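[1] just to be clear, the model below is a prediction. Sequence and coordinates:
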There are 2 protein chains.
Amino acid sequence: MNLDVVMNLDAVLIPGMTAEVADSIKTQKETPMTNEELFLAVALNGWKGNIERADKIFSGLSEEELLKEVAPGKNRLIYLWGHLTAVHDAMLPLLGIGRRLHPEFDVAFVSNPDKSQAGVPSAELIRRAWREVNTRLFEGFASLSAGDWLKKHAAVSEEDFLKEPLRNRLAILLSRTNHLAYHLGQTALRSK
Amino acid sequence: MNLDVVMNLDAVLIPGMTAEVADSIKTQKETPMTNEELFLAVALNGWKGNIERADKIFSGLSEEELLKEVAPGKNRLIYLWGHLTAVHDAMLPLLGIGRRLHPEFDVAFVSNPDKSQAGVPSAELIRRAWREVNTRLFEGFASLSAGDWLKKHAAVSEEDFLKEPLRNRLAILLSRTNHLAYHLGQTALRSK
């Protein structure tokens, strides 16, 4: 059987990502993938698709539009963008990829509600951090084998992981993809 | 290595689901799972968690609450519930599980916007269809092996699937989980 597998998975073209990084996250393979690799490629594809969608929406908003609420009395778009950036940043240590790049985002966008803090990062800072964090994640993903994704994530102990082997890196990837989709649904309600 | 794997994946207790079905969708295993099975179990876990969450929200709403919009001028909760039911119903043939149970939901909840149709299914009909469809899906999921999830879904040709092997059943499961999360995010914005 000549599969000659070329995945229909173009690298996510986040503006600012270097060509080398884009190449490294391609899932194109000349040889047939194993079942494990296929499972992983579908999961990564879902992440990439949602990141692309979010990037297109948020990067396309003006500073003024970012200050609008998604619905009356609800979170502002800038808050959601910062929130997603912070949550993705926290995936770096959770997946064993590296240290957080922007832990300071938590006070503004995770542990406190929108419009409660005086000095929150500007749209420009969020824009840069968003690209930086997601690029770093893509680099990290490219360095993990399919088997690595089944290893425990950093927030579960070895002991608990023996009893609950689904608390692995893959579970983080899928739940964070859902988290992203959850907030994209809210973002879609903004008045245009 | 004695894993003695007992997954922390209790069956989804959708009211109305029989105990037998609940048992069949448990992913508890006494023997260690293969990597393929672990990948699949994490994916199914994500689906189940989101179904549980949706079930808790929608089943807990009164008829009056269901007629409210998630935000001013946006979809009503009843529309989102019907929409999710219709989209999940369409997964049955797409995954090769069986024929649709409620194709008539499409006119009311998919191909036309909210508040545009005169006679849409009542809350009681949606409630029943939601349970019926999701129970049927869980039964179908229980009958698929990890390898089955990597086979093509029904909307892609054999020819295209050779070129794009990620257009498989798993991709449907993950994208529909994201779709569910997307609308749950909107549902969370309703005034309570």
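    Great, that's in hand.

[2] what about the helices in chain A?
    Ranges of helices in chain A, per DSSP state H, are A:19-24, A:35-59, A:63-66, A:77-89, A:91-94, A:105-109, A:123-142, A:158-163, A:169-187.

[3] weakest of those in terms of mean pLDDT?
    Sorting the helices of chain A by mean pLDDT places helix A:19-24 lowest, at a mean of 44.

[4] list of residues touching stretch A:95-105?
    Outside stretch A:95-105, the residues within contact range by CB atoms under 8 Å, 6 or more residues apart in numbering or on different chains are A:82, A:85-86, A:89-93, A:121, A:129, A:132-133, A:136-137, A:139-140, A:143-144, A:153-154, A:169, A:172-173. C-beta here means a position set from N, CA and C on the backbone, and glycine is covered the same way.

[5] got the helices of chain A as TSV, with mean neighbour count columns?
    Output for those, formatted as TSV (neighbours: other CB atoms under 10 Å in any protein chain shown):
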stretch	mean neighbour count
helix A:19-24	12
helix A:35-59	20
helix A:63-66	14
helix A:77-89	24
helix A:91-94	18
helix A:105-109	21
helix A:123-142	19
helix A:158-163	12
helix A:169-187	22
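
[6] could the ones you listed go into CSV alongside distance to B:Leu125?
    Below are these laid out as CSV (distance: least, CB to CB, whole Å):
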stretch, distance to B:Leu125
helix A:19-24, 48
helix A:35-59, 32
helix A:63-66, 40
helix A:77-89, 35
helix A:91-94, 41
helix A:105-109, 41
helix A:123-142, 43
helix A:158-163, 42
helix A:169-187, 25
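
[7] hmm, A:Arg76 is touching A:Ser116, no?
    No. A:Arg76 is beyond contact range of A:Ser116, at 11.7 Å (criterion: CB atoms under 8 Å).

[8] out of these two, which sits in the busier spot?
    The residue with more neighbours, out of A:Arg76 and A:Ser116, is A:Arg76; 18 against 9, by other CB atoms under 10 Å in any protein chain shown.

[9] measure that one to A:His179 for me?
    Note on A:Arg76: its distance to A:His179, by CB to CB, to the nearest Å, is 18 Å.

[10] ok, A:Phe161 next?
    For A:Phe161 relative to A:His179 (CB to CB), the value is 22 Å.

[11] now A:His102
    Using CB to CB, A:His102 is found at 17 Å from A:His179.

[12] next one: A:Gly46
    Separation of A:Gly46 from A:His179 (CB to CB) stands at 12 Å.

[13] same check on A:Ala142?
    Distance, A:Ala142 to A:His179, by CB to CB: 22 Å.

[14] and the closest residue to A:Phe58 other than its chain neighbours, how far from B:Glu158?
    Spatially, and ignoring its direct neighbours in sequence, A:Phe58 is nearest to A:Trp81 (4.7 Å; CB to CB, 6 or more residues apart in numbering or on different chains). Going from A:Trp81 to B:Glu158 by CB to CB gives 42 Å.

[15] report the central residue of chain A.
    The centroid of chain A falls nearest to A:His88 when counting by CA atoms, centre = their mean (4.9 Å).

[16] how about the contacts made by that one?
    For A:His88, the contacting residues are A:Trp130, A:Val133, A:Asn134, A:Leu137, A:Arg176, by CB under 8 Å, 6+ apart.

[17] from what I see, the second one and A:Leu84 are in contact.
    No. Look at A:Val133 against A:Leu84 with CB under 8 Å: they stay out of range, at 9.2 Å.

[18] in this structure A:Leu77 contacts A:Ser59, no?
    No. Applying CB under 8 Å, one finds A:Leu77 not in contact with A:Ser59, separated by 11.6 Å.

[19] need the residues touching each of those two.
    By CB under 8 Å, 6+ apart, A:Leu77 and A:Ser59 have no common neighbours.

[20] so A:Asn35 touches B:Lys151, yeah?
    No. The pair A:Asn35 / B:Lys151 is not scored as a contact, 11.0 Å apart, by CB under 8 Å.
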